[in-house]
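>>> predicted structure and sequence below. I'll ask about it afterward.
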Amino acid sequence: MSKGILVYSEITSDDYLHTVVFELANKAVELSKKMEDAPVMALVLTKPDLINEYKEAFQKSGFDKVFYVVDERFGTYRTDLFAKAAVQAVKQIDPEIMLVGATCQGRDLAPRISTALGTGLTADCTGLDILENGKFAATRPTFGGQLMATILCKKYPQMASVRPKVFKPSEVDVTRDTVFIKMSVDLDDYVPQIEVLEFTKKLVCDLNDLDSAKIIVAGGKGMKNAEGFALLKKLADKLGGCVGASRVAVEMGLAPQAVQIGQTGKTVSPKLYIACGISGALQHTIGMNSAEKIIAINTDKNAPIFDICDYGIVGDAFEIIPKLLEL
Amino acid sequence: MKIVLCVKQVPDTSDIKWTENNTIQREGLESIINPYDVYAFESALRLKNKYKNVNISALTMGPKQAEGMLRKLIAIGVDDAVLLSDKKFAGADTFATAKTIAAAIKSKLSDFDLIVCGQFAIDGDTAQTGPSIANFLDIPQVTYVKEVVGYEDGYLTVIRELDSGFEKVRVKLPALICVLQGEFEPVRARINGIIHSQQVEIPVYGIDDIGLSVEDAGLKGSPTYVNKAYRAPQKETECVFVESCEELAECIKKCGGICE
Ligand SMILES: Cc1cc2nc3c(=O)[nH]c(=O)nc-3n(C[C@H](O)[C@H](O)[C@H](O)COP(=O)(O)OP(=O)(O)OC[C@H]3O[C@@H](n4cnc5c(N)ncnc54)[C@H](O)[C@@H]3O)c2cc1C
């Protein structure tokens, strides 16, 4: 095993480096300080013509080494192809720790890598640390968010996945003299078993980019119908924010799955989260309780959402929001 | 087509009680079928209803009591079931669990075409057992499956729901799919089904039956281990209740929202 932390660097379907890469890089830089400044490394699988586009971003986010593998076919993610390439690359790099973003792609790929390498993977971590004995400690919620477990791994690399927005990217310039290393892997005997026939991009409400939103106005079952969600949209527009939803609201068809917040949806950490008609089940709050400020509107003064919010108003959202809009 | 349906019994996490020492009170904790595995079942059943000669075998690893869950599944449309139960399986992490299940499939259900799992389990929620099983069996996997479109000439077509959009994918069988929550009408057991479910014999296999070594199973076969477990910290905020919309607008402003 060689020293260092490897960050799997996902490329999105529109050819950008996924934002989670910068968040993981920042965490890796922090952890490496407790590891005698072990190198912070990236692995990226990309189309040949694109690698230069990513170089500056890698340098700025504090990577010491970037290992890249190029192939024309890396333009579209396919489990079998990426797993075959990534497993070979990780074997060659042989890192002590490997971090992967818990995105759809990361969750699909990471277990293939860990299983092929005979090591463990701790998924959806909310805390990462290096213990005094040098072991990598990954903490994650279990039991629907009620129990936290810190998990260690006997094998190498010690792998963990982390959802987007759980860690923050570095706010200061951490530019390093990044070394770029081209790797070759053997894909000659790759026979595609999975074929992507069609991709339809989701229209996540207009400009409703939850990930970068500073303010989120979220609705639950209590927002009842399309008119209720139209009110939320108006309030979000007024505040310059975006609309999010609880799982029940998504199941009722009031909002797309892409804006579901919680255990099986997104994790968000805006400056302000306004929860309207959301009871505050743990599976929901686990995805938003790191918001700087939380405000709740709910008819039930005993709703658990009030236990975690900064300001609350007991009342009917259908009366309160229109009044807010008029102010 | 032979389908293996992987299901898990999980504690009902919506009903957790804490002891004074902040540990989970396990006595009286209800076991339920993992909700996502219900969607996995529904997807398998749709295939069975749509095509001829589809056989669904349910498989679970767990305590002997899990047999009850398997019988319930048989009552609503599963054809047969296998229970993996052995003290030596205890304490398995996802790696060892996947290895055990893969070994059982290899030795007892090796003529499968399709393995169907739920995308998540509500207790561990790692979303990785399915892909790990696929890796041990050296077959492709498709995760985040929203809908199974159809089956033709040894290929399955499915629709995946991803962060950025929907992807229609064709995968060569044998393969494994992980199913997301979908819109399904819950299936009710019919009386014939219930009677049938009581008559079917459910084999229970232990470590020797599936040719797994002790080093590869349970706690011993698990690369990861829990170092520490504790109750999730509760956010310590005292909610300030306001009465009027004007006050609320003031709060929004204080929190960085401009209510113009
Ligand atoms: C495995 C698993 C994963 C899950 N993942 C998620 C997840 O990712 N995200 C998620 O959100 N949930 C998730 N859930 C579901 C979660 O447990 C809750 O069921 C869900 O969050 C509740 O949604 P809700 O608050 O909209 O609805 P409810 O709990 O029904 O709450 C509705 C609230 O609206 C209030 N209300 C009603 N009318 C009004 C009104 N006119 N004005 C103001 N308030 C009103 C009510 O008082 C109530 O508090 C998951 C559950 C499981 C088992």
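Structure's in. What do you need?
>>> residue A:30 belongs to a strand?
No: membership of residue A:30 in a strand is not supported by DSSP: H, G, I helix; E, B strand; the rest coil, which gives helix.
>>> I figured residue A:39 was touching residue A:64, is that so?
Yes: assessed by CB atoms under 8 Å, residue A:39 is found in contact with residue A:64 at 4.1 Å. (Glycine included, C-beta is placed from N, CA and C.)
>>> shared neighbours, those two?
Overlap of the contact sets of residue A:39 and residue A:64 (by CB atoms under 8 Å, 6 or more residues apart in numbering or on different chains) consists of residue A:4.
>>> ok, the residue lying closest to residue A:280 once chain neighbours are set aside - contacts?
Spatial nearest neighbour of residue A:280, chain neighbours left out: residue A:305 (2.9 Å); criterion: CB to CB, 6 or more residues apart in numbering or on different chains. By CB under 8 Å, 6+ apart, the residues touching residue A:305 are A:275, A:278-280, A:285, A:294, A:296, A:298, A:312.
>>> ok, what's across the strand from residue A:42?
Beta-bridge pairing of residue A:42 under DSSP bridges involves residue A:7, residue A:66.
>>> quick one: low-confidence parts of chain B?
Residues of chain B meeting the criterion pLDDT under 70: B:15, B:21-24, B:26, B:124-125, B:234-236, B:258-260.
>>> mind checking how far whichever residue of it sits closest to the ligand is from residue A:72?
Relative to the ligand, the nearest point of chain B is residue B:122 (3.7 Å; CB to the nearest ligand atom). Plainly put, residue B:122 is 41 Å away from residue A:72 if you go by CB to CB, to the nearest Å.
>>> more neighbours, those two?
Per other CB atoms under 10 Å in any protein chain shown, whichever of residue B:122 and residue A:72 has more neighbours is residue B:122, with 23 against 8.
>>> my read: residue A:199 touches residue B:166, true?
Yes: counting by CB under 8 Å, residue A:199 does reach residue B:166; the two are 7.2 Å apart.
>>> wait, what's in contact with residue A:224?
A:277, A:318.
>>> could you do residue A:92 as well?
Residue A:92 makes contacts with residue A:183, as judged by CB under 8 Å, 6+ apart.
>>> now it: how far from chain B?
Noted for residue A:92: a distance of 19 Å to chain B, by CB to the nearest CB, to the nearest Å.
>>> that residue is in what secondary structure piece?
helix A:79-93 (DSSP states H and E).
>>> ok, residue B:163 next?
Judged by DSSP H and E, residue B:163 forms part of no helix or strand.
>>> name the nearest residue to it, ignoring sequence neighbours.
The nearest residue in space to residue B:163 (CB to CB, 6+ apart) is residue A:104, at 5.3 Å.
>>> also residue B:204?
Nearest non-adjacent residue to residue B:204 (CB to CB, 6+ apart): residue B:83, at 4.8 Å.
>>> name all residues that make contact with the one you found.
Residue B:83 neighbours (CB under 8 Å, 6+ apart): B:59-62, B:64, B:66-67, B:70, B:202-205.
>>> can you do 6 Å?
With contact set as CB atoms under 6 Å, 6 or more residues apart in numbering or on different chains, residue B:83 has these partners: B:67, B:202, B:204.
>>> same thing with residue B:232?
A:146, A:148.
>>> kindly recompute the last result at 8 Å.
Residue B:232 touches A:141, A:145-148, counting by CB under 8 Å, 6+ apart.
>>> tell me the one among those nearest to residue B:251.
Comparing these against residue B:251 with CB to CB places residue A:145 closest, at 26.4 Å.
>>> the residue nearest to residue A:280 belongs to a helix?
Yes: read with three-state DSSP, residue A:305 is one of the residues of a helix.
>>> may I have the beta-bridge partners of residue B:169?
residue A:196, residue B:158.
>>> and the nearest residue to residue B:14 once chain neighbours are set aside, how many neighbours?
Excluding its sequence neighbours, the residue lying closest to residue B:14 (CB to CB, 6+ apart) is residue A:144, at 6.9 Å. Around residue A:144 there are 22 other residues, counting by other CB under 10 Å.
>>> need the three-state assignment for residue A:144.
helix.
>>> check contacts around it.
By CB under 8 Å, 6+ apart, residue A:144 lies in contact with A:263, A:282-283, A:286, B:13-14, B:16, B:122-123, B:125.
>>> mind listing which of those residues are in helices?
A:282-283 (DSSP state H).
>>> which of the contacts of residue A:144 count as buried?
Neighbour counting by 16 or more other CB atoms under 10 Å in any protein chain shown classes A:263, A:282-283, A:286, B:13, B:16, B:122-123, B:125 among these as buried.
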